[in-house]
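Colleague: Got a predicted structure here, sequence first:
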Amino acid sequence: MKQGKYKQKLLCLLIAISTIIISSCTRTGNAPGAIQGGIEAAPYFKTLLVIGDDRSGSTSDIRKLKEEDYQALFTAVSEKGGGTVAVCLIGNPHSQNKEPYLLKLELLQNTVPYDPRDTHLTLTEKSRVKLKNDKINESNKKALEDNQEKINQYISTVIKNTIIAYKPNGVDHTDLDDAIFRLNTLIHEPGYKDYNNIVVVMLSDGKNQPVKAVKPITAILSHLGAKVYLVGWNTGTNCFQTAGLEKFSVKDGMIEVVKNLK
């Protein structure tokens, strides 16, 4: 009799624990890559976002990126899974400011997909997966916080002091050939071969004026896996040989596209 009561209590206890675990698993995380209702959300991925920001006088009619725009773009890369962002100043900068400024963002981990209602998994297996996912989500939370600190620091130093506060090194001009050459070199570096997205944003009127006269662009940005987004570009696009190319009249459309990368 006592043994029967003991089994009944044990069964009730196991059902209660199972209910708690399943309920907790169902509520795990709201970030991409977390398990939501037993269904895996969109996975995280690595992105290289390269921005060519033309600050020369000929681009005065283009809506240039502000601090909050850069914040939105960089935060989007971080929340999608991390990777690298880089900004190349276009105009006539000092020699030390010609190379793209890089910022490495910590990568986020994907959780282990499973359905807590799966009868093929034992209670122990479900508990083990949940524990692992809890650790991953906690690690991702820390990575997002660290990335935000890096982004804030990058914007307050590089973006504000070098890009937005650009002053030409002597006579103002726009050397797009030099900028495109540098960006093409960057996106082909070995460290980005396993990246899921390579995105190049060019904010410029496309007028190549490395000296006094306007000249055709001779440099080529060529990458079979890259996407190029042009803002304010008013000239030919033969210099871009990539997987995709889109033109925007203002920055807002481009920002939305980057924020919705998949």
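Modeller: Alright, I've got the coordinates.

Colleague: where does the helix or strand where residue 199 lies sit relative to the chain's centre, distance-wise?
Modeller: For residue 199, the host element (DSSP states H and E) is strand 197-203. Its chain's C-alpha centre and that of strand 197-203 lie 11 Å apart, by CA atoms, centre = their mean, to the nearest Å.

Colleague: again, but for stretch 143-162
Modeller: For stretch 143-162, the distance to the chain centre is 14 Å (CA atoms, centre = their mean).

Colleague: what do you get for stretch 74-86?
Modeller: 3 Å.

Colleague: picking that back up, paired strands for the strand holding residue 199, with orientation please.
Modeller: Partners of strand 197-203 in the sheet, by DSSP bridges, are strand 47-54 (parallel), strand 221-231 (parallel).

Colleague: Counting neighbours, show which residues of the first one come out buried.
Modeller: Residues of strand 47-54 classed as buried under the neighbour-count rule (16 or more other CB atoms under 10 Å) are 47, 48, 49, 50, 51, 52, 53, 54. The C-beta positions use only the backbone N, C-alpha and C, and glycine is treated the same way.

Colleague: returning to what we had before: what would the strands paired with strand 197-203 look like in CSV with distance to residue 198 and mean pLDDT?
Modeller: Output for the strands paired with strand 197-203, formatted as CSV (distance: least, CB to CB, whole Å; pLDDT from 0 to 100):
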stretch, distance to residue 198, mean pLDDT
strand 47-54, 5, 97
strand 221-231, 4, 97
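
Colleague: could you pull out the strands for the stretch 1-150 of the chain?
Modeller: 35-36, 39-40, 47-54, 83-90, 101-105 (DSSP state E, counting those that start in this stretch).
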